[in-house]
Structure formats: structure tokens, C-alpha cells
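Novice: From the sequence below, what's the structure:
(chains A, B, C and D)
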There are 4 protein chains.
Amino acid sequence: MSDVNAILLLSCADSKGLVAKISDFIFRHNGNIVHADQHTSKAEKRFFMRVEWELNGFALGREEIPAAFLPLVKQYKMKWDLHFNDYVPRMAIFVSRHMHCLHDLLLRRHMDELAAKVVAVISNHEDGRELVEQFGLQYFYFPITEQNKRKQEKKALELLREMKIDLVVLARYMQILSGDFLKYYPNKIINIHHSFLPAFAGRNPYQQAYDRGVKIIGATGHYVTEQLDEGPIIAQDVVKISHRDAVSDIQRKSKDLERIVLARALRLHLDHRILVYGSKTIVFE
Amino acid sequence: MSDVNAILLLSCADSKGLVAKISDFIFRHNGNIVHADQHTSKAEKRFFMRVEWELNGFALGREEIPAAFLPLVKQYKMKWDLHFNDYVPRMAIFVSRHMHCLHDLLLRRHMDELAAKVVAVISNHEDGRELVEQFGLQYFYFPITEQNKRKQEKKALELLREMKIDLVVLARYMQILSGDFLKYYPNKIINIHHSFLPAFAGRNPYQQAYDRGVKIIGATGHYVTEQLDEGPIIAQDVVKISHRDAVSDIQRKSKDLERIVLARALRLHLDHRILVYGSKTIVFE
Amino acid sequence: MSDVNAILLLSCADSKGLVAKISDFIFRHNGNIVHADQHTSKAEKRFFMRVEWELNGFALGREEIPAAFLPLVKQYKMKWDLHFNDYVPRMAIFVSRHMHCLHDLLLRRHMDELAAKVVAVISNHEDGRELVEQFGLQYFYFPITEQNKRKQEKKALELLREMKIDLVVLARYMQILSGDFLKYYPNKIINIHHSFLPAFAGRNPYQQAYDRGVKIIGATGHYVTEQLDEGPIIAQDVVKISHRDAVSDIQRKSKDLERIVLARALRLHLDHRILVYGSKTIVFE
Amino acid sequence: MSDVNAILLLSCADSKGLVAKISDFIFRHNGNIVHADQHTSKAEKRFFMRVEWELNGFALGREEIPAAFLPLVKQYKMKWDLHFNDYVPRMAIFVSRHMHCLHDLLLRRHMDELAAKVVAVISNHEDGRELVEQFGLQYFYFPITEQNKRKQEKKALELLREMKIDLVVLARYMQILSGDFLKYYPNKIINIHHSFLPAFAGRNPYQQAYDRGVKIIGATGHYVTEQLDEGPIIAQDVVKISHRDAVSDIQRKSKDLERIVLARALRLHLDHRILVYGSKTIVFE
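Specialist: Numbering: from 1, shown residues only, chains lettered A, B, ... in the order given. Below you'll find the predicted structure:
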């Protein structure tokens, strides 16, 4: 347990002494805080905190922490999550026909940059199979038609639950997931949208950007909710374009951006740096 | 006339030999091209060009150029504009209550960075008078109510025409100009919109950006058309924000951006680097 | 005292319980923390913190805080500074012949964006006098020759001390200040360097950037130390250039950048967000 | 030959009529210009041009073009290169132990984004072999010691010449190539340097950036010359860092940047958009 850290994410109504109470809880049990970050939203009078401390030397075993912390949770009506950084989340990647984000994730996994285990790649097309299997990973093909959509989604969901998936990444998956599916993974499905949301939501944002004549395009990593393209935004970035860029150039530039932004959003999630509040995120970078 | 350049902006259906014909026209009359830029839009099969040459040594007087160029214009059905860089356009600035863009323009004028003569500042409020008069400029106050709106706009228009204004800059002017007004200044009214259009068009984009929880905000310099916030975009830029930024922080960050983006759009216009085609711009930087 | 906050900046060797002890100190005296930020440098095993709380309701008067906090200071051998955000620092601006940064600061002051009182502008040239006096500020002219350099600097220093200046901003001041001068204002003199330090330190970075053919230029806001261009960096930003940019274009683009970067560095200082450690800064944004 | 374009890159002393003469040459032979870009460096009075036209319908066969163009070359003492965009250059990638840039190039090749044929990967380590062979490419291992350095380099050079390599990419290759090697590939060896040159040239720029406390780091794609880290810069980009970034974080952020910047530099080269003049580049984007 020598190098393991505990990470506590919490939010509650703002109140005096919250930082003191929480840091004292850790100190009293002989914990060493390595990072602490807090934010108070004045508009909503709400307090958010991320605190990370070393388990080494901590007086409580990891399974004892929740009970010990419970009085504070009750007193302040906290929403909270506790993570340990030696747990490697199990991840599934959904993809359709554009391979750049998938490929980027495989690259990062191969270079040990990804703090997750890629358990499966799921697709409604066969395009990615060869690449995925070349990297020694399982590829599942669920072709989708209007008729079989619900049934196939249900099968995919069963597969995820069987494989104990913690996190789903939509790496340019072009099917819309139903509310039934989403409710099993609240704030645990990350999508990369190939525009600077809320601009150019919906279909073919490259063409939309071209038609509007914008001078900058973007990409958005966000949690998936039932309101399409309206989930809490985790990360965004942009790149300049000009009149010289045809739709295909916009696509090429965007693809590099999508890879970077998805990877950044995913890393923030895996480092437990994100708190979702309403339709927005607090990201403790 | 020693240092004067002529600048020709033109567009027409694409055709073989256009660059050769146009550059030959200049060469035949002993002109020295200092910049040439062209663009062919494959999707629209349209040719755009900006060419700048020295009048010094040129065989034609500046008033003779149009007639000499006419055969090419007719042959290729060109749209074209001819400018000379020793003409200093006469500019009016419209402003309401936010002074940052106006102030920035006054600064640039004071430092001789602005290739235009600021002839008048026009406002529906008195807030800017002191500052403007301090810089030795004329300030015109046209208060607007629902009742007098058309009348006041008409008066402002008369004033502009009396003062032979070539270019109008809306430096955070919060009134919507009517089509009647706009038709006198086609592609000659530049607005700064305080969002990354088309995201957050309309009222209070700072609040909209806050509510949506975006991680990047932007500003857009564009020509004004009847379709509000849909005019051809000249320049855009962005800046990062986070959950720590309240609406007032977003405003503060945006204000710096708006100044820079408006100044950039204005400079591109004054350097005759912009061709408008439909709802888009070709910007020869 | 209703809206006044106290801001404590501190650093010490890392140790368990620091966050708990400090937040408890504030909580025990009935203070409400509005921001807390801490950083532990693993390499140097050093702890840095910025904590801001409301004086309204705080059990200690502002002059009682240091004595009450002293035991913690002693126990952990803290370096610390205590600020109150109702104190408006007194600032002097040094400038030579380039007016863009000075002008930008005057603009911000005029728009009430500057949390400081501009008490004097000091220059080795007369160029800025008209502008400065137009804004109702005092302008002091200290012409510098090789012979009178030390004497003039001494006079300027006396003036600063007479006027109780807290902060000096070098807004493109082209004279080097001596160590004798600097020792009176440790980490209280902010300079804007017109390059992306450490690239192109020294004279004429615009020309250096042009000669080297870089594709990006930058600006750097930093505290001034005896080692020229090596002081702790507060803020940096960059802008793209190309082969089309002559030295004069590089200058023009850089000037906009310098204004933004200097304003950002100054704001961070005035918000008490900067801790200097060795030749580096911790900036709690 | 239906979709093939010819691309002419040329430079010469500036002179009247150059654009007219060159575009007329193409027009006279019934060529359709699809892109033309020119630049005149005022400081050096030198003219640079890139012109691209369709071979389809062109009156000259591709092997006849040089002789037909020769009179202009002689008249203006042009330096020139002629390319055809159906030729796929043969590329070798050199790598040491950091795989991110190599991996990125393999990804782009796999997605058909690379207008070059990767013929070989050459390394002084065995680390990359498995990955490279997995993608069906040849891997050559040339271990380097102080003793065998020249000999191994000579062997590598022979291999390149045997395999008719047109272009060498140093994708984080940590050995310095000798002048003897470089002279065979003038402006045909592209290196990615993991800093914003000229800042932090030489060893370990991540550590240098950390030690200096800069707030932005960068990466530089450049042609390799005998003066280490001083070759003509093709592309640069930057990313923000803060005091929170340890050296390992700087490395992680830089790696994403290096991949993007190297890919951009390589694409510009493969599209024949770069003219080298002295120690600088003209990049016609």
C-alpha cells in the first residue's frame, strides 16, 4: 500500500469551516495531504472539494474510511465519492468508422500513458477489427439497423455489465445511446464531439463550420446525457482555419484536435479531477 | 506619388489564365507587383485575387486604370474594387456604455497604428463624451427610445453622409441597425460580437457561456448584415476559462479579447485584405 | 469592513497537517474561507499556500492577526505575507519611448480595471508627458546619460520613497536599474520583456526573432532581479508569425501581446496570487 | 495523368514581371493554375514563389517542362525545384527510445494521412522493433557506442541510399548526425526538437523549462543542419504549463505537442510548401 493515495471528491452547500473540518479529518487520522483543491460557487453558494492524501501511515484502512467520514457527510449533506489510485478502471471504447481517436487511445495504452484497462472495443462496423486485434484486444461487432437498434444496444449493455466496465469512451461513435443505456453509466460515458459546442451541435459540424465561414474550429470532450450534445463539458480546444481550408482540411485539422481533447478529458476523469454539478463541471486541474 | 501602391481586389468564375492575364496587365504597364495572393474555391469554382503594385513608374495614372482594366473585367465578368493606399478612410465609431473597444481604438489612433481618420464617435449614451473630447474628437449623442429609434437612426445616417464616412465601426454598440441604414454601407460596417459566433449569438453571451459551462470563450469581428450575428466573419479568437470564472471574470477576459479581435478585423479591412463572398470572407493575410 | 477579505500567502517546508492547522486557525476565529489554494513541490519538499477569508465576522481585528498567527509561523518556520483587499497599492510606471503598455495601463485605470493607484509616471524621455498629463497624472522626466545615470536613478528612488510607492511597473523602460535600486523593491518591480524568455533575451528581440526565423513570438512579464531578463516569470503568452512578417510586423503583433501579458502579470500581483520561490513563481490563478 | 499536378518552387532576386512571366509560361502551355503563392522579402530583395498547376491538358510532358522553363531560369538566375504530386517519397524514420512520435507517424500512415511511403525504421535501440514489425515495417538496429559511431552512421547511410530514401525523419532520435551524413540529404532531414527553439536548445529541455519556471513550453520541427538545433524552423507550437507541472508533466504535455508539430512539419514538406533561404524557411501554407 506504500504508494497508494485516497482521493475524495465532494460537494455540499457552502458553510463555514468546511476546509478545516475535512483537512482535520485527514490530519487526525495521520494522513498526509498531497493535493487539496476547493471551489466555492458564489452564484449557487455551493462548495466543491478534491483532496488527495497518502494511505501510507493513514490510521484507517481503506474500507474503514466511509464510516469514519459519515458524520461529516451527514452534518453537511455532502455528495461524495472516494477513489484509490491503485484501482485501474475497466474501460470500453465505442467507435464507428473514424479510427483516429481509437488509434490514439491504443497508442497511449501501448505507451503506458493510460490509467485504465481497455477491456473491449465495440463497434457498429467491422472497420476497426484488424487494428484492434493487432494490439491484442477484443473487438465486438454490433451492426445497427433501425429495426435492431434497441436490441443491439441491450446486448452491448449486457456485455459491458458482464465485463464489469467502469467507463465508456465514445471515440467517434455515430449512434445515439438511449436513456435506458445511459442510466447505467451516469457521468461515466465520455464523448468527443467534433465541434466547439454549443456551436455546430448535431450532424456534420465540419460542413457546418465551412458553410458558416468561421475562422476557428474546435472539439469538445463531454459526459453523455440524454440531451444530445448538451452534457457537461470537460475539455475543449480550438485550431485556426482560413478560407483556404476545404471541408476535408477542416476534417484533417479537427481530427488532431479531437484526439488531444478526448485524451485530455479522459485523463481528467481517470485522475478523478471532475465534479459534475447540474449541466456543468468543476475540473480541478 | 513615390510610395503609393494600388490594390486590386477581384473575384470571378474560375478560368484558365486568370493569374497570367492580370499579372500581365500590370507588367505591360510597367508595374511592380509587391504582393499577390489568389484563391480558388473548388466547391464554388470561383477565383479570388488581391494584387498590390507600385504606382511609382506605372504607365497609367490612377484615374486611367479602370478604363484600361475594363476589357478584362468584361471578359471574365469580374467583381472588382480598386484602392490606393494613400487614401485615409474616414471612420465613425458607434459605442454604447462599454468603453474598452472605443478606448483601444483611441489608443491605436494616438499611437498612429490606425490607417483611418476617426471623424466622429456616435453614441446612444453620454458615458464616452469626456474621454472622446479629451482626445480632441467630436462626440454625437443620439439617445434612443422605442419611439424615436427610426428617427434617430436616420439623423445619424445623415450625419455620416454629411461627414463623408467610409467605414463604421460598432465598438460594442448595443442597438440594432435597420436594413435601411445598412444598405448605405454594404460590407462597410464592422461589429465586434462578444462571443465565438455562432455560439451564444444574441443577448448576454457572457452569461450564456457561464450557464453552459464552456471551457473556452471567444470574440468575433464581422461585417454587419440584416441577419443579426450572421454577417461574414472577418476574425475570431478565443481564451480559456474555468469553473473559477464568474460571469464578471468572463467579462473581464472577454474584454481584452474583444479589443484585439476588433482591432485585427479593422486592420484587415483597412489594408483591403478582405473579399466578401456570400456570407463568408476570403481574408488574404 | 463588510466586504474586506484577508489574504495570507505563505510557504514552508512540507509537513503533515499544514492545511488542517491553517484552515483551523481561520475557522477557530470564525472566519469564512472564500478561496484556498495550496501546492506542494515534491522536488523541493516545500509547501505553498494562499488562503483568502472574509474579515466580516472574523474574531480578530486585522492588526491582531499577525500575533495570533505567530505560533504557527514559528512552529513551521513559515515565510508569510498578509494582505487586505481594501488597500489600494500605490504604483509608479516607468516608460521610455514606446507608449503602448503605458497607454494600456492608463486605459485600464480609466475603466476602473486596475486595483492600484497610479501615483506617477517616470521617464527618461519627454514623449509620454502630454498623454499622461491629459489623464490628470504626474509625469517626471529624468533624462539619463552615461554620466548622470546613478545620480538620476537615486533621485527617482527618492521620489518613489517620498510618494510611498508600493509597486513599480516597467512598461517598456529601456534603462537597466541597479542593484541598489532593486533592493528597495524586492519582488515589487514588474517588467514586460518583449520576447518569450529565455529566448531572445537582451537587445532587440524583434530583430532576433526575425533573423532566427521562428514561427511564434512571445512576451514575458516578470519580476526584476539583478540578473537581467532572468527574474521570476509571472506570465507569458505567444502569437504566431510567418515569413510574411517583417520586423515591423513582428513589432506590431508583439505590442498587442505585451499589453495583454503585462496587464495579466500586474493583475496577478495586485490580487496577491504570486509566491516567489528562488527564481520561479507559484501563481495561484 | 488525369489528377496529377505539377508544383514549381523557385526563388531569385526580385525583378519586375516575375509573376507575369511565370504565370504566362504556364498559361501559354495551356496549364490551369490551382494555387499560386509568392513572397517578396523586402529586406533581402528576393522573390519566392510556389505555383501548382494541373498536368491534365498541359501542352508539355512532365519531362519536357525543365527544358521549356530553362530560359526563364537563366534570365532570372532562379533556384528551382519541380515536383509532381503523384510521386510518393520514400521515407526513413530514425528513433531512439521515446516512441510517441514514431507511433503517431505509424498511426497516420495506417489512416492514409501520410503522403509518403515508410520504407524503414532505424534505431540505436531495440525498443521499437515489436511495434514497427507489428505494422509490417522493416526495423533496423544500429547500436551506437563512442567507438563505432562513425562506422554505424556510414552503414545507415548506405542502407538509406540502397533503399532510395528521399526523406529522413528524426522522430526523437538522440544521436547527432555528422556533416558527412547530412550533406547527402540537404533540407531533407526533419527533426522534432522538444523545446521552443531557440529556448532550451541542447540536452533535456523539459528539465531546463522546469528549472527556469517558464509558463509556456513548445516544440519545434526543423531541417537538420550541422549547427545543432539551429536548422531552418518549419513549424512550432506551444502549450501552457504552471507551477503544478513537475518535469514528468512537462514531458507528458510536450509529447502531445511534439507529435502534432512533427506531423505538421512533415506534411508541409511532403506538400512541397517549404522554401529554405539561408537559415530560415518560407512556408506557403
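
Novice: Which residues in stretch A:199-210 does the neighbour count mark as buried?
Specialist: A:Ala199, A:Phe200, A:Pro205, A:Tyr206, A:Gln208, A:Ala209, A:Tyr210 (16 or more other C-beta atoms under 10 Å in any protein chain shown). (Glycine included, C-beta is placed from N, CA and C.)

Novice: Take those residues and lay them out in a markdown table including pLDDT.
Specialist: Below are those laid out as a markdown table (pLDDT from 0 to 100):
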| residue | pLDDT |
| --- | --- |
| A:Ala199 | 93 |
| A:Phe200 | 94 |
| A:Pro205 | 95 |
| A:Tyr206 | 96 |
| A:Gln208 | 95 |
| A:Ala209 | 95 |
| A:Tyr210 | 95 |
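
Novice: Bridged to A:Trp53, which residues?
Specialist: A:Ala6, A:Ile33 (DSSP bridges).

Novice: That one contacts A:Asn5, doesn't it?
Specialist: Yes: A:Trp53 is in contact with A:Asn5 according to C-beta atoms under 8 Å; the separation is 6.4 Å.

Novice: what is in contact with these two at once?
Specialist: Residues touching both A:Trp53 and A:Asn5 by C-beta atoms under 8 Å, 6 or more residues apart in numbering or on different chains: A:Val34.

Novice: Pick out whichever of these two has more residues nearby.
Specialist: A:Trp53 (25 against 20; other C-beta atoms under 10 Å in any protein chain shown).

Novice: Retrieve the pLDDT associated with that one.
Specialist: Each residue has a pLDDT score; the one for A:Trp53 is 96.

Novice: Next up, the contacts around it.
Specialist: Contact partners of A:Trp53, counting by C-beta under 8 Å, 6+ apart, are A:Asn5, A:Ala6, A:Ile26, A:Gly31, A:Asn32, A:Ile33, A:Val34.

Novice: what about the fourth one, distance to chain B?
Specialist: The spacing between A:Gly31 and chain B, counted by C-beta to the nearest C-beta, to the nearest Å, is 26 Å.

Novice: For burial, what's the neighbour tally of that residue?
Specialist: Neighbour tally, A:Gly31, other C-beta under 10 Å: 26.

Novice: ok, and the closest non-adjacent residue to it?
Specialist: Nearest residue to A:Gly31, sequence neighbours excluded (C-beta to C-beta, 6 or more residues apart in numbering or on different chains): A:Trp53, at 4.1 Å.

Novice: Please apply the same query to A:Tyr185.
Specialist: A:Val168 (5.7 Å).

Novice: ok, what's across the strand from the one you found?
Specialist: A:Ala92, A:Ile189.

Novice: ditto for A:Lys280
Specialist: Assigned bridge partners for A:Lys280, using DSSP bridges, are A:Tyr277.

Novice: Helices of chain A, start to end?
Specialist: A:18-28, A:65-76, A:100-110, A:129-134, A:149-162, A:179-182, A:205-212, A:247-270 (DSSP state H).

Novice: How far does the fourth one sit from its chain's centre?
Specialist: If you compare the mean C-alpha spot of helix A:129-134 with that of the full chain, they lie 24 Å apart, counting by C-alpha atoms, centre = their mean, to the nearest Å.

Novice: and what of the second one?
Specialist: Going by C-alpha atoms, centre = their mean, the spacing between the C-alpha centre of helix A:65-76 and its chain's C-alpha centre is 27 Å.
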